[in-house]
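>>> Pasting the sequence and the predicted model now:
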Amino acid sequence: MNRLAALIFDVDGTLADTEEAHRLAFNAAFRDAGLDWEWSSSAYKGLLAVTGGKERIRRFVQSRRLEGQLPADADGFIASLHGTKTQHYTRMLAEGRIALRPGVCRLIEEARAEGLRLGIATTTTPANVAALLEQGLGPQGMSSFDAIGAGDLVAAKKPAPDIYLWVMDALGLEPAECLALEDSRNGLLAASRGGIESILITPSAYTLDEDFGGASLVVDRLGDSDHPCHVLAGNLAVGERLSLADLRRLHSLVHNGVLGRSAGET
C-alpha cells in the first residue's frame, strides 16, 4: 500500500491566481524597452500553452515575425526583457496586489503539522516563487517547502516531466508517494508523465476551459469559509474546505484502483 508522503504544488494559477499580474508585468517590460508590443488577455491565454516566460516571448516574436525588432544578441535581449518583467511582477507582490488562493495557506499548515513533505514544481523564476511565498506565508514561506524546483533547473519544461522528476529526487520519494496540485493541462501532463497518479486540479481564471482528463479530481478551489470548495469533475465527496484528510482519501482511492485517472472516474 502506497502512503501519501508529499504534496507537490505548481505555483502560477495554483498557489495564487497570478497570470493576469504576469501579463501586466510583461506589458510593462515591453514599454520600458520602447517596444510597441501589447499582450491582450486573449493573446496571453494562447501564449500560456508555452511554459516559461522567455520561451513565451520567443514564441510571440516568431509568430508575429518580429525578429527584425531584436538586436543581434536576441537571447540576451529576451533574457533582459524577462528580467525587467520579473522586477515588475515582484513589485506587485510586495505591494500586496496578489494573494494566495483560498485554502492554500490552510492546507500547507495542515500538511506541515502532520509531517508531510512539501515540494514546488514550477517553471516560474526562483525570484517569483520567493516573493510569492514570503508575501503569502510570511518570512518562513520558503522554509515551509522541502524542495523547490523552479525556473531553469531543468532544460525541458512542462508538459515534460523533468521538473517533477527533479523535485521527487530532491525529496527522496517515489511518484506513488506524492500528490500533485496543478491548475493547467500542461501541469497535469507533466505530473502524469513523471509517474504521479494522484493529481488534483484547481483551475485558474486562464485555464478554466482546458481539458483535465487524467486528473483524479477537479475542484474550483481548495476552499475556506468565505469561498467554499465545489467539485467540478470527479466522484469524491468533499465539504466546503478540501482538507488534508480528503487528499489522503483521494490518494488512497486512486492507488487502490477505486478511482480512475480521468477526473475521479470509477
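Arrived safely. Numbers count the residues shown, from 1 in each chain.
>>> On the three-state scheme, His82 is what?
Assigned by DSSP: H, G, I helix; E, B strand; the rest coil, the conformation of His82 is helix.
>>> hang on, isn't it packed against Gly53?
Yes: using C-beta atoms under 8 Å, His82 makes contact with Gly53 at a distance of 4.9 Å. No exception for glycine: its C-beta is placed from N, CA and C like everyone else's.
>>> More neighbours: which of the two?
Gly53 (27 against 20; other C-beta atoms under 10 Å).
>>> From Arg101, how far off is the more buried one?
21 Å (C-beta to C-beta, to the nearest Å).
>>> try Phe26
21 Å.
>>> Val231 now?
Applying C-beta to C-beta, the value for Val231 to Arg101 is 16 Å.
>>> Compare these two and say which is more crowded by neighbours.
Arg101 (22 against 16).
>>> quick one, what contacts that one?
14-17, 202, 221-222 (C-beta atoms under 8 Å, 6 or more residues apart in numbering).
>>> Closest one of these to Phe212?
Using C-beta to C-beta, Thr202 comes nearest to Phe212 of these, at 10.3 Å.
>>> Just list the residues touching the closest one, thanks.
Neighbour list for Thr202: 14, 101, 181-183, 218-222 [criterion: C-beta under 8 Å, 6+ apart].
>>> rerun at 10 Å
By C-beta atoms under 10 Å, 6 or more residues apart in numbering, the residues touching Thr202 are 10, 13-15, 17, 101-104, 181-183, 217-223, 229, 232, 242.
>>> what's the answer for Ala113, then?
Contacts of Ala113 (C-beta under 10 Å, 6+ apart): Leu244.
>>> Distance-wise, check it relative to Leu244.
Ala113 is 9 Å from Leu244, where distance means C-beta to C-beta.
>>> how many other residues sit next to Arg193?
Residue neighbour count, defined by other C-beta under 10 Å, stands at 15 for Arg193.
>>> Can you tell me the closest non-neighbouring residue to it?
Spatial nearest neighbour of Arg193, chain neighbours left out: Pro161 (3.9 Å); criterion: C-beta to C-beta, 6 or more residues apart in numbering.
>>> got the contact list for the one you found?
121, 154, 168, 175, 189-196.
>>> Any idea how far apart the tips of stretch 218-233 sit?
Taking C-alpha to C-alpha, to the nearest Å, the first and last residues of stretch 218-233 lie 5 Å apart.
>>> buried residues in it?
Within stretch 218-233, the residues that count as buried by 16 or more other C-beta atoms under 10 Å are 218-224, 228-229, 231-233.
>>> May I ask which two of the residues you listed are separated the most?
Farthest apart among those - using C-beta to C-beta - are Asp224 and Ala233, which lie 21.2 Å from each other.
>>> Can you show me the helices along the stretch 1-150 of the chain?
For the stretch 1-150 of the chain, applying DSSP state H, counting those that start in this stretch gives helices covering 19-32, 41-47, 53-64, 74-94, 104-113, 126-137.
>>> Roughly how far does Gly141 sit from Glu210?
Counting by C-beta to C-beta, the gap from Gly141 to Glu210 is 28 Å.
>>> domains for this structure, by residue range?
The record's domain parsing of the chain by automatic domain parsing lists 6-17+100-255, 19-94.
>>> and among those, the most buried is which?
Comparing those by mean neighbour count (mean count of other C-beta atoms under 10 Å), domain 6-17+100-255 comes out on top with a mean of 20.
>>> Just checking the distance from that domain to the centre of its chain.
Offset of domain 6-17+100-255 from its chain centre (C-alpha atoms, centre = their mean, to the nearest Å): 7 Å.
>>> mean confidence for it?
Regarding domain 6-17+100-255, the rounded mean pLDDT is 96.
>>> Break down the stretch 151-266 of the chain into its strands, ranges please.
Under the criterion DSSP state E, counting those that start in this stretch, strands of the stretch 151-266 of the chain are mapped to 178-182, 198-201, 217-219, 231-233.
>>> Just put those in CSV and tack on distance to Asn2.
Shown next, in CSV, are the strands of the stretch 151-266 of the chain (distance: least, C-beta to C-beta, whole Å):
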stretch, distance to Asn2
strand 178-182, 10
strand 198-201, 9
strand 217-219, 17
strand 231-233, 23
